[in-house]
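Peer 1: can't give you the sequence, but here's the structure:
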């Protein structure tokens, strides 16, 4: 193994490092510059996933609710406003969208509409107002100074999102969500107008309808397999809210750092997605986490959330037609000229290895090919 992996890293250049550890025999199989910290890119999501599982649990769900400020009168007339309150569920949206983007997971506007119809509401004198106050109002993450980052997130962050944080020219993600739910209500012959601005629901508003996200173990798979940055940083804000008391990426990143620090692993965590180059960790730290959680409840859920090399997600085209295909699960991490891969491989003889490969410098396409060769070597050793 040493010669083959050394040869690839020599080609990759000095800004690369790797660690391969046999979990079965408990020994290091290969290590080169494994202690040097570099941007993990989306390998950061391994830390985020473990922190979410440890602090919120695999069965945690997020609710989206309609609250009413007013009263129901004769003829199904709601006198007052309705509020669409989000709690950070990134899967809420249109049923057709969810089938395409999220394998059919995620609650829909139609479900909320059905519950409101069951209450006998047919006309609303006021407006349907989005309430996105639970989490940070800024639409992006620290990599771009919290401004909207549509190329990476493919939507805007927020407590209230619809169809993966979709927006329009004049509407924020929260106001867009209210507009889409209002359209679904109108299509069901419930007359209501959507507000163009979001606003917190008043304290005396009461819940009329509610839908829930899939459990966290499913959210993690929807995050890790395609390496979804919006899911990662929305859920990081959720960590900040539920554990740190503030629904911001900064608060959530602190929680991630504390959880990973409890394993005596100390990366620099700035966000949950890995989009920031100020995130810093090493192959040794990543493998240390993979070792610590192996065969724990959190570790088993983490492994199940990762793409299968050569088969699914961001690893689908890596190491095809090699022993790694179908025998390794791994998280990719890619920024410009940063290409990382970390996870587990089942090797001949029933051995399981944890590995982390960090390559900085070569173009991504070239580095992905290098890491494909390396993971194939690891799997056949």
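Peer 2: Sure thing, it's come through. Note that the coordinates shown come from a computational prediction; the quantities given were computed from them, not determined experimentally.

Peer 1: Show the end-to-end separation of stretch 89-100, please.
Peer 2: 17 Å (Cα to Cα, to the nearest Å).

Peer 1: Show me the contact partners of it.
Peer 2: 62-64, 86, 101-102, 104-110, 161-166, 177, 180, 211-214, 219, 222, 228, 230-231, 234-235 (Cβ atoms under 8 Å, 6 or more residues apart in numbering). (C-beta placed from N, C-alpha, C; glycine too.)

Peer 1: the helices in the stretch 1-150 of the chain, which residues?
Peer 2: For the stretch 1-150 of the chain, helices defined by DSSP state H, counting those that start in this stretch occupy the ranges 2-12, 44-56, 95-101, 109-118, 150-153.

Peer 1: got the buried residues for the shortest one?
Peer 2: Neighbour-count burial for helix 150-153, with 16 or more other Cβ atoms under 10 Å as criterion, is recorded at 152, 153.

Peer 1: Heading C-terminal from that helix, find the next helix or strand.
Peer 2: Counting by DSSP states H and E, the next helix or strand C-terminal to helix 150-153 is helix 173-187.

Peer 1: List the buried residues in the helix or strand of the chain with the lowest mean pLDDT.
Peer 2: Every helix and strand in the chain was compared by mean pLDDT, DSSP states H and E; the lowest is helix 2-12, with a mean of 88. Residues 4, 5, 8, 9, 12 are the ones in helix 2-12 that count as buried (16+ other Cβ under 10 Å).

Peer 1: For residue 231, see how far away residue 96 is.
Peer 2: 20 Å (Cβ to Cβ, to the nearest Å).

Peer 1: Of these two, give the one with the bigger neighbour count.
Peer 2: residue 231 (25 against 10; other Cβ atoms under 10 Å).

Peer 1: show me what contacts the closest residue to residue 309 other than its chain neighbours?
Peer 2: Counting by Cβ to Cβ, 6 or more residues apart in numbering, the nearest residue to residue 309 once its immediate chain neighbours are dropped is residue 328, at 4.0 Å. Each residue near residue 328 by Cβ under 8 Å, 6+ apart is listed here: 308, 309, 310, 315, 319, 343, 344, 345, 346, 375, 378, 379.

Peer 1: Out of those residues, which comes closest to residue 254?
Peer 2: The closest of the contacts of residue 328 to residue 254 turns out to be residue 343 (Cβ to Cβ; 25.8 Å).

Peer 1: Specify the beta-bridge partners of that closest one.
Peer 2: Note on residue 343: beta-bridge partners residue 330, residue 355, judged by DSSP bridges.

Peer 1: could you measure it against residue 76, distance?
Peer 2: From residue 343 to residue 76 the distance is 54 Å (Cβ to Cβ).

Peer 1: do residue 205 as well
Peer 2: 19 Å.
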